[in-house]
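Trainee: just coords:
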């Protein structure tokens, strides 16, 4: 028993160091968002909800929060719908050069957000579309489409092909099969794709910074607040972003766990 524990000790220490490295800054951020003093530095003075009250009474901050919610929900909905259609099309009708098509669909995941943002900025300017929340929403739909496609397409399997064929044998059309059979079965992975997409859109900064103007998202607003220095109010705003991101990721994990089991 001791020999077994001793062999696993280096792995346990490494895991503990990594988890500390990842989560300690988050813990400090959340802790000092409850700081009673005016500076988010030790010693800790609190707990206090003073800076959360100031954050929620900050009109610009709340407007940015609402903008982030609207963009996250709308862009994620669009990315999920487009990702489903792409995945269902690739599943039902395998085209010539399917591997190349899948590569093209997944390629944006390998490109830096900075490059995508600059490219979209040039395209929008050429098309006469100025910097706005609409531009940010379209851009977030673009960057999240490959993720939604990957999640949804990974859940298509032989069991779904059998269900699809059975529906057609019973007289259902392609549209009826998709609406009444495929979408209900694929609801959990589609929900997971939507929530993960919303999580990524919710705290995305680079593209939102490049494509927004006067109306900004919450991460951009926090960046503007940081120019005046680090304060407990900034920590409170950051904690709000973190809490919502964790919540969305949690529900996405639950949706994936609730997906139907594959049966041939």
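Mentor: Arrived safely. It should be emphasised that the depicted structure is a prediction, and the values quoted were computed from it without experimental measurement.
Trainee: after the host helix or strand of residue 29, next one along is what?
Mentor: Using DSSP states H and E, residue 29 sits within helix 2-32. Sequence-wise, the next helix or strand downstream of helix 2-32 (DSSP H and E) is helix 50-56.
Trainee: Now do that next one: which elements does it pack against?
Mentor: Packing partners of helix 50-56 (3 or more CB pairs under 8 Å, 6 or more residues apart in numbering; DSSP states H and E): helix 232-257. To be clear about C-beta, it is placed using only N, CA and C from the backbone, and glycine gets the same treatment.
Trainee: The helix it packs on versus helix 2-32: what angle between them?
Mentor: Using axes from the mean of the first three to the mean of the last three CA atoms, to 10 degrees, the direction of helix 232-257 lies 130 degrees away from that of helix 2-32.
Trainee: Please renumber the chain so that the first residue is 333 from this point on.
Mentor: Sure thing, new numbering starts at 333, so read that last one as helix 564-589.
Trainee: Report the rounded mean pLDDT for helix 564-589.
Mentor: Taken as a whole, helix 564-589 has a mean pLDDT of 77.
Trainee: Give the buried residues for it.
Mentor: Going by neighbour count (16 or more other CB atoms under 10 Å), the buried part of helix 564-589 is 564-573, 576, 580, 583-584, 587-588.
Trainee: cool, and stretch 382-397?
Mentor: 382, 383, 384, 387, 390, 393, 396, 397.
Trainee: likewise stretch 463-470?
Mentor: Residues of stretch 463-470 classed as buried by neighbour count (16+ other CB under 10 Å): 463, 465, 466, 467, 468, 469, 470.
Trainee: what's the closest of those to residue 345?
Mentor: Using CB to CB, residue 468 comes nearest to residue 345 of the buried residues of stretch 463-470, at 42.8 Å.
Trainee: State the helix or strand in which that closest one lies.
Mentor: Using DSSP H and E, residue 468 maps to helix 465-485.
Trainee: next structured bit after that helix?
Mentor: helix 490-501.
Trainee: So what's the gap between the helix of greatest length in the chain and the chain middle?
Mentor: Taking DSSP state H as the criterion, the chain has its longest helix at helix 391-424. In terms of CA atoms, centre = their mean, to the nearest Å, the centre of helix 391-424 is found 9 Å from the chain centre.
Trainee: Okay, angle between that helix and helix 490-501 too, please.
Mentor: 70 degrees.
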